[in-house]
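J.: Structure of the sequence below:
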Amino acid sequence: MSLFVKGMIVGFCLAAPVGPIAAICVQRTIARRWISGVVSGLGAAAADAVYGAVAAFGATIVSEFLITEHEWLQRVGGVILLVLGLRLLLMKPIERVASNGNGGRGLVGDFASTFVLTLTNPMTFVAFAAIFATMGIGAVYGEPILTIELVGGVFAGSGAWWIILCTGAWALRRHFDFRRLTFINRATGVFVIAVGLVYLFVKTSAEHSPTIPIPERLRAHTPTATPS
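T.: So this is what the prediction gives:
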């Protein structure tokens with residue numbers, strides 16, 4: 001199995017569990033338009049690819065920073081979730097307009113919000129490191145093409161999940177009138193706020209990050225010890 005396919009499997013599986021980002025993507029798809037939800041999902045996929053690259057390279061400095069500073073990163077993510085949740089809770093659905101006057105800026109904001117939010121969850125990196133170690137996936141600085149192939153697969157797999165999710169939500173949009181959209185906004189807002197409070201006040205353990213083994217066919221090109 002190629003590294004790209006393995007990366008797709010990892011990216012899809014890590015993106016699939018329903019969480020605050022999934023709720024935000026569905027809400028944006030139904031309340032706005034399909035592309036808004038998809039771009040939001042691609043922001044999360046891009047962040048997954050960043051963490052996948054760090055885990056694949058075994059970049060010691062970055063990984064140590066993510067592990068040692070995970071608490072304040074988690075707090076930042078909690079604050080972002082609280083802000084997004086409050087906006088959803090207080091927002092009233094507006095009718096979609098055909099005009100794309102603010103479409104560019106709106107899509108950039110959709111992408112950036114989920115990208116930053118995903119990056120503030122260092123447990124994503126730990127999850128990638130654990131899965132890569134389990135699957136025997138590794139890369140070294142001397143083999144950047146293999147790492148690009150793997151990370152490209154992670155992005156493709158994660159992106160595929162968000163497209164599937166948002167397409168399903170878009171297909172069901174006609175079943176939601178103004179009252180139901182208001183309920184969706186508020187329910188999503190409450191859920192996102194609840195997760196934000198967990199991020200703020202519940203500590204997660206990220207003291208030990210699994211090492212990433214290097215495949216035997218690459219070990220001869222490794223100038224230093226196995227990256228951690």
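
J.: ok, Leu172 - how many residues close by?
T.: Leu172 sits with 11 neighbouring residues when counted by other C-beta atoms under 10 Å. Just so you know, the C-beta spots here come from the backbone N, C-alpha and C atoms, and that holds for glycine as well.

J.: Quick check on it: phi, psi?
T.: Backbone dihedrals for Leu172, given as degrees, to the nearest 10, come out at phi -100, psi 0.

J.: which ones are touching it?
T.: The contact partners of Leu172, taken as C-beta atoms under 8 Å, 6 or more residues apart in numbering, are Ile30.

J.: Could you do Ile24 as well?
T.: By C-beta under 8 Å, 6+ apart, the residues touching Ile24 are Ser40, Leu84, Leu88, Ser113, Thr114, Thr188, Val192.

J.: so where's the protein uncertain?
T.: When residues are selected by pLDDT under 70, those of the chain lie in 1, 58-70, 92-105, 132-144, 177-178, 203-228.

J.: packing partners for whichever helix in it runs longest?
T.: In the chain, with assignment by DSSP state H, the single longest helix is helix 144-171. Applying 3 or more C-beta pairs under 8 Å, 6 or more residues apart in numbering; DSSP states H and E, one finds that helix 144-171 contacts helix 3-15, helix 20-31, helix 34-57.

J.: do you know which of those lies nearest Arg180?
T.: The closest approach between Arg180 and any of the helices and strands packed on helix 144-171, judged by C-beta to C-beta, belongs to helix 20-31 at 8.9 Å.
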